[in-house]
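[1] Take a look and give me a structure for this.
(chains A and B)
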Amino acid sequence: LLGIFFNVHSAVLIEDVPFTEDDFKDGPERIYGLYEQVSYNCFIAAGLYALLGGFSLCQGRLNKRKEYMVR
Amino acid sequence: MGSLFRSEEVCLAQLFLQSASAYSCVSELGERGLLEFRDLNPKVSAFQRRFVGEVRRCEEMEKTFTFLQQELRGAGRVLGPCPESPRAPLAREALRVQEQSEQLAQELREVSRNRASLRGRLRELRQYLHVLREGQRFTSWPAPLGSPPRPRALSERDPLLDPSLHQHLDRKINFVAGVIHPWRVSAFERLLWRACRGYLVASFMEMPEPMEDPATGESITWVIFLISYWGEQIGQKIRKISDCFHCHVYPYPESEASRADTMSGLHSQIQDLSVVLEETEQYLAQVLDKVTLALPTWRVQVQKMKAIYLILNQCSFDVTEKCLIAEVWCPVRDLTQVQDALRQGSYKSGSSVECFVQRIPTSESPPTLIRTNKFTAGFQSIVDAYGVASYQEVNPAPYAIITFPFIFAIMFGDVGHGLLMFLFALWMVLCENSPSLRQSSNEIWLTFFEGRYLILLMGAFSIYTGFIYNECFSKATVIFPSAWSVATMANHSSWSSAYLATHPSLTLDPNVTGVFQGPYPFGIDPIWSLATNHLNFLNSFKMKMSVVLGIVHMGFGVMLGVFNHMHFQQWHRLVLELLPEMVFLLALFGYLVFLIFYKWVKFSAANSLEAPSILIHFIDMFLFTSNTGNLPLYQGQVPVQTVLVVLALASVPVLLLGTPLYLCCRRRVPRTGPPAPVATEEQEPLLEGQEAGNSVNATKEDVESGGHSPDAKHVDFAEIFMHQAIHTIEYCLGCVSNTASYLRLWALSLAHAQLSEVLWTMVMRQGFVRLSYVGGVVLVPVFAAFAVLTVAILLVMEGLSAFLHALRLHWVEFQNKFYVGAGYKLCPFAFAPDTWE
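    This is a model prediction of the structure:
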């Protein structure tokens, strides 16, 4: 969700974008670029979490099946 | 229905039970769980009651059951719960249960004893076998009998004294063989050497397999010893020493052949014994199976029986009529059900005369009964935690269903946190029938589970207030476009880049056209989260909101008192108490609310510089002064305020003296009437052969106290006056302090907002700092930390804190306007299934 919000250049999240002084020159394109980079980071993190979640789900199902087989 | 509005009507009734059918009638009543029995024999000790023999019998049976359960546990079996709930047994069945249980216990004891002795015997035989086997290694013939003795090199396995060599020495070699505890070996050896020096040969050898020690039950590797000696006295010494060391000594046959015989004999004995032991174990398992099947039902039955006899002990026995009389508190609605139950009980016990129930009047205050379902039970319990409602008093629970979550939400308002709380409660509600959730032994979990509907509503309301405060994990949501326009302001003031660079914070002036385009449709404008004076605006808003809500809540509480006054037919209290209370509250604090709303409506951004301060006006109102710098809100404000203050102050003495004077006047009028009729009225016997008084317990003194002496009147008046004075002071001072107390709504919501903002800034923002793609990986643990801290601090800690403060506001500020809460609950006699293990 955060990735989507950063991608849309939400003004509320302005303080979360790591900008420096000279990013403010030459119009807002630089700031938009920064927004997008942060949004890509968020998407990566979300993807990693999805991987972890899927992995743990698979392990859980495997363990349950193993319990049935042992009995 | 209306049973949640105030407690149900409960009456005192008398049950007349035939002695023959008393047991089954009480059993029926217990199954339905309708009545609370009163103890009619409070002065009789437990040993002198009527049915003490039966109770003792039940307790003996319970002792047997405990023994059986211990045996089961020792064998590692688990006792399952009783599948269906059996009824209390009749006398014949109870006898059968007792016989069977005792028989099983006896069998179990015998079988266990047999098994223990068999095991001990088996152990001894095994030890003997080992001794023989090991000892053979030392005393085995190295060569056949006929061969001439020839010198051999001494090897470890040879005995130091070859018995064959010493045959002609005319000394007989004797052996002592046995088993000793490994810790005592060295001491044993030393003592033997000192005592019988040179005349014996001792060899020690460990047993190949460990065996159980009969004394301690742990398995130890015993040490086998074989002592070869000659001479009788040495033999006696050795035997005495081995006795001292608690060794098991076994007879060691001398010749090889007899040793072989003994060993084979031992083998067969061991085999036989093992077979017998196996069969014993099987039989024991069978007995335990029987116990497992029957025990749960028995326990429930005997517990029910004991409960019934305890109840029967509380009834009084009317010897002349051969029936038991019981006094019960019964809800009026259930009287027909009670009659039905009695009829069934009489029918089951086969008696011809029916038992019946009769209602009797009473002057005591009956217990409170409020029927709840699973949804309202949580709210009723938080009201009851403060105090159970007095009989037929207005119940604040139905209003608490809405006001409590709402006040909680004001202090908690955040969409994200509210959503999490709502989902958690939803999961609990949807899975509420799963047994693993219900039968957990964790107390904290059970507390949360009981309040799942409470948490559900709290979460839902928090989402609503979160949208109003426009906070979602401390970030504002821009659902509608913001009403403030920065571009217009920039164009109007013609801010240049140089100007922007030198001024870090700039103001948006709403007086300039186009900057402020009207209020935000729902909630607080999201632009405020970017503003530096965010808190200034929000504080003023939340403070006023808290005060308004507080006064509305308290006014509602005072109005609820109307229902109480009307129900108890105390019309004088309507005029003499309710009216001055409302006047005081509205004149002072209702006026404050009016001022707040008026200022919100009347003044806008245009004249904001000259807007008067409500606080200063309010203070001036009480001090009867005026402040020139503070403009009046409307024309004629000063005289209006003076009138209101005078009204409020006038209502105080009315509140203070009104009710006592009225009651005093009312009592003085019929004072000339004789007190005697009052006593004779109560002396009318309701049944033949019954003592005076409403209940069997009433004594002569109670009846005579109906006629008061005049001295008591004065005492009463002073008491009433005192009570009213306390009430007045409490109310008036309470109005002021309680209004201020509602400001905690503001304080806690501010705390929550700031905490979530700090959490976001300190934790989550660190995840966005790195711009390369490594930042994405770093974000994973950062988010995990953020999530954990959110749940732990913001949800749990803040949730509990807001819950507590909302509860306090309800209990103290709301309920002390009308609630007495001095009742006691109706605890019906019922066989509740969850009281059994």
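
[2] residues in contact with residue B:521?
    Residues near residue B:521 by C-beta atoms under 8 Å, 6 or more residues apart in numbering or on different chains: residue B:480. All C-beta atoms are positioned from the backbone trio N, CA, C, and that covers glycine.

[3] And what about it, helix, strand or coil?
    coil (DSSP: H, G, I helix; E, B strand; the rest coil).

[4] Can you give the contact residues for the lowest-mean-pLDDT helix or strand in chain A?
    Lowest on mean pLDDT, DSSP states H and E among the helices and strands of chain A sits helix A:2-7, with a mean of 71. By C-beta under 8 Å, 6+ apart, the surrounding residues in contact with helix A:2-7 are A:13, A:17, A:35-36, A:38-40, A:42-43, A:46.

[5] would you list the residues you listed in TSV and tack on secondary structure, neighbour count and distance to residue B:435?
    TSV is the format used below for these (DSSP: H, G, I helix; E, B strand; the rest coil; neighbours: other C-beta atoms under 10 Å in any protein chain shown; distance: C-beta to C-beta, whole Å):
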residue	secondary structure	neighbour count	distance to residue B:435
A:13	helix	19	46
A:17	coil	23	51
A:35	helix	22	51
A:36	helix	15	51
A:38	helix	27	47
A:39	helix	22	46
A:40	helix	17	47
A:42	helix	23	41
A:43	helix	17	42
A:46	helix	18	37
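
[6] Residue B:208 reaches residue B:130, doesn't it?
    Yes. The criterion here is C-beta atoms under 8 Å, and residue B:208 meets it with residue B:130 at 7.2 Å.

[7] Counting neighbours, go ahead and name the busier of the two.
    It is residue B:130, of residue B:208 and residue B:130, that has more neighbours when counted by other C-beta atoms under 10 Å in any protein chain shown, with 21 against 10.

[8] In which helix or strand does that one reside?
    helix B:91-139 (DSSP states H and E).

[9] what's the answer for residue B:747, then?
    Using DSSP H and E, residue B:747 falls in helix B:744-762.

[10] For residue B:557, see how far away residue B:46 is.
    Residue B:46 sits 46 Å away from residue B:557 when distances are taken as C-beta to C-beta, to the nearest Å.

[11] swap that for residue B:17, please
    On the measure of C-beta to C-beta, residue B:17 and residue B:557 end up 46 Å apart.

[12] what about those two, which has more around it?
    Ranked by neighbour count (other C-beta under 10 Å), residue B:17 and residue B:557 place residue B:17 first, with 25 against 21.

[13] quick one: contacts for that one?
    Residue B:17 touches B:25-26, B:315, B:323-326, B:342, B:355, counting by C-beta under 8 Å, 6+ apart.

[14] from these, which is closest to chain A?
    Using C-beta to the nearest C-beta, residue B:26 comes nearest to chain A of these, at 47.4 Å.

[15] where's the closest one, which helix or strand?
    helix B:22-32.

[16] and that helix, what does it pack onto?
    Applying 3 or more C-beta pairs under 8 Å, 6 or more residues apart in numbering or on different chains; DSSP states H and E, one finds that helix B:22-32 makes contact with strand B:10-18, helix B:256-314, helix B:335-349.

[17] For it, list every residue counted as buried.
    B:22-32 (16 or more other C-beta atoms under 10 Å in any protein chain shown).

[18] swap in stretch B:744-763?
    B:744-746, B:748-750, B:752-753, B:755-757, B:759-760, B:763.

[19] model confidence over that stretch, on average?
    Stretch B:744-763 carries an average pLDDT of 88.

[20] I would like the residues contacting it, please.
    Residues from elsewhere that reach stretch B:744-763, judged by C-beta under 8 Å, 6+ apart: A:15, B:407, B:410-414, B:417, B:469, B:471, B:473-475, B:535, B:538-539, B:542-543, B:545-546, B:549-550, B:782, B:785-786, B:789-790, B:793-794, B:798, B:801-802, B:805, B:809.

[21] tell me which strands and helices the helix or strand where residue A:53 lies is in contact with?
    Per DSSP H and E, residue A:53 falls inside helix A:29-70. In terms of contact count using 3+ C-beta pairs under 8 Å, 6+ apart, helix A:29-70 is assigned the packing partners helix A:2-7, helix B:774-789.

[22] Kindly format the C-alpha coordinates of the first one as PDB.
    Going back to what we said before, that points to helix A:2-7. Coordinates of each C-alpha in helix A:2-7 appear next as PDB, following Å, rounded to 0.1, in the frame of the first residue of the first chain:
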ATOM      1  CA  LEU A   2       2.800   2.400   0.900                       C
ATOM      2  CA  GLY A   3       4.400   1.600  -2.400                       C
ATOM      3  CA  ILE A   4       1.300   2.700  -4.200                       C
ATOM      4  CA  PHE A   5       1.000   5.900  -2.200                       C
ATOM      5  CA  PHE A   6       4.600   6.800  -2.800                       C
ATOM      6  CA  ASN A   7       4.100   6.200  -6.500                       C
END
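
[23] which residue sits closest to the residue in chain B that chain A sits nearest to, ignoring its sequence neighbours?
    Nearest residue of chain B to chain A, counting by C-beta to the nearest C-beta: residue B:776, 2.7 Å away. Nearest residue to residue B:776, sequence neighbours excluded (C-beta to C-beta, 6 or more residues apart in numbering or on different chains): residue A:44, at 2.7 Å.

[24] which residues does that neighbour contact?
    Neighbours of residue A:44 in contact, by C-beta under 8 Å, 6+ apart: B:773, B:775-777, B:779.
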